[in-house]
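Student: need a 3D model of the sequence below.
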Amino acid sequence: MIVAIMMGREGSSGFPGKNLYTILNRSLLEYPLLAAKHSKHIDEIVITTDSLKIKEIGQAYGASIIDRPDYLCTNSALGEDVFVHAYEEIKNKGENIEFIVLLLCNAATITADLIDEGIEILKKRPEVDSAVSVSRYNMWSPLRARKENEEGLLQPFVPFETFGDPRTLNCDRDSQGDVWFADMGVSIIRPHCLVNIEDGLLPQKWMGHKIYPLKQWGGCDVDYEWQIPGVEFWLKKHGFTETKTPYDK
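Tutor: Numbering: from 1, shown residues only. The predicted structure follows:
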């Protein structure tokens, strides 16, 4: 069985109500639901949440619901703990799980085709722990990152020597090669990645160590309202309008 687990909660301090924010006449969480629903391989969709509205929308798409416990609904709760809890709830029902497709209610930049590409990669390559959607953001190279010191001034976030001889470095955004970020659109993983979550690679330990990149552009999970226009642009470029989706026949 291949199961999709999607998580989202009621509270959000950075962007309240983000999971239910409407773009092109649909709530944000409907886009990952549509992608999972139209995957050729996913057998069941499960949503872990404390939100009555998210439960209602999920059930309209045929999803099963896991009541997310209070201790996993705080601002300090880790997503990895939420995924592990949901996985254990499903396993306790006696299900034999081949792969787990991890989705976020606030990550609309995902398609059924990319999910299926990742599942097929895991089927073909048993040495791979996970297949993860990534987007290229060379402008956010670690070389450009700064942090504020005790004097209120900026200094390198990472010592320049980390990147080689500082005399060879420059301000060209492409000078360090392509910089790929996991964009949170989807992570397709093997069960051992959750069973042995403490062994995974930081910061998203559910991805394991051998991570296959599912390359796309412009992917992100939404944490701030200013991201909405970018997500709407992405959706339109992928065939979504206020009345149609790329899955309509």
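Student: C-alpha from now on. contacts and neighbour counts both.
Tutor: Noted.
Student: now what about stretch 138-151, what contacts it?
Tutor: Stretch 138-151 has contacts (Cα atoms under 8 Å, 6 or more residues apart in numbering) with 154-158, 160, 163, 171, 173-174, 176-180.
Student: now do the helices in this protein.
Tutor: Under the criterion DSSP state H, the chain contains helices at 30-37, 52-60, 79-91, 112-124, 192-195, 228-237.
Student: export those helices to a markdown table and tack on distance to residue 219?
Tutor: Putting the helices of the chain into a markdown table (distance: least, Cα to Cα, whole Å) gives the following:
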| stretch | distance to residue 219 |
| --- | --- |
| helix 30-37 | 12 |
| helix 52-60 | 22 |
| helix 79-91 | 18 |
| helix 112-124 | 12 |
| helix 192-195 | 23 |
| helix 228-237 | 8 |
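Student: can you say which of the contacts of stretch 138-151 are buried?
Tutor: By neighbour count, with 16 or more other Cα atoms under 10 Å, those hold 173, 179, 180 as buried.
Student: state the distance from the most far-flung residue of the chain relative to its centre to residue 161.
Tutor: Using Cα atoms, centre = their mean, the residue of the chain lying farthest from its centre is residue 167. It sits 36.7 Å away. Distance of residue 167 to residue 161, given as Cα to Cα, to the nearest Å: 10 Å.
Student: okay, now the domains of this structure?
Tutor: Split into domains by the TED database, the chain comes to 2-134+179-238, 138-178.
Student: quick one: end-to-end length of the longest one, please.
Tutor: Meaning domain 2-134+179-238. So domain 2-134+179-238: terminal residues 25 Å apart, Cα to Cα.
Student: repeat for the shortest one
Tutor: The first residue of domain 138-178 is 6 Å away from its last residue (Cα to Cα).
Student: avg pLDDT for that domain?
Tutor: Mean pLDDT, domain 138-178: 91.
Student: and residue 65, what pLDDT?
Tutor: 97.
Student: ok, the closest residue to it other than its chain neighbours - contacts?
Tutor: Spatial nearest neighbour of residue 65, chain neighbours left out: residue 47 (5.0 Å); criterion: Cα to Cα, 6 or more residues apart in numbering. The contact partners of residue 47, by Cα under 8 Å, 6+ apart, come to 5, 6, 7, 8, 55, 58, 63, 64, 65, 66.
Student: burial measure for the last one, as a count.
Tutor: The local packing of residue 66 (other Cα atoms under 10 Å) involves 18 other residues.
Student: look up how far residue 191 lies from it.
Tutor: For residue 66, the distance to residue 191 - Cα to Cα - is 18 Å.
Student: can you check residue 50 too?
Tutor: Counting by Cα to Cα, the gap from residue 50 to residue 191 is 24 Å.
Student: again with residue 79
Tutor: Residue 79 is 16 Å from residue 191, by Cα to Cα.
Student: residue 124 now?
Tutor: Taken as Cα to Cα, the span from residue 124 to residue 191 is 16 Å.
Student: the more surrounded of those two?
Tutor: Between residue 124 and residue 191, residue 191 has the larger neighbour count (other Cα under 10 Å), namely 19 against 9.
Student: so who does the residue lying closest to that one once chain neighbours are set aside touch?
Tutor: Computed as Cα to Cα, 6+ apart, the closest residue to residue 191 that is not its neighbour in sequence is residue 99, at 6.3 Å. For residue 99, the contact set (Cα under 8 Å, 6+ apart) comprises 1, 2, 3, 119, 188, 189, 190, 191.
Student: run the last query once more with 10 Å
Tutor: With contact taken as Cα atoms under 10 Å, 6 or more residues apart in numbering, residue 99 is in contact with 1-4, 42, 119, 122-123, 130, 188-192.
Student: show me which of those is closest to residue 88.
Tutor: residue 191 (10.3 Å; Cα to Cα).
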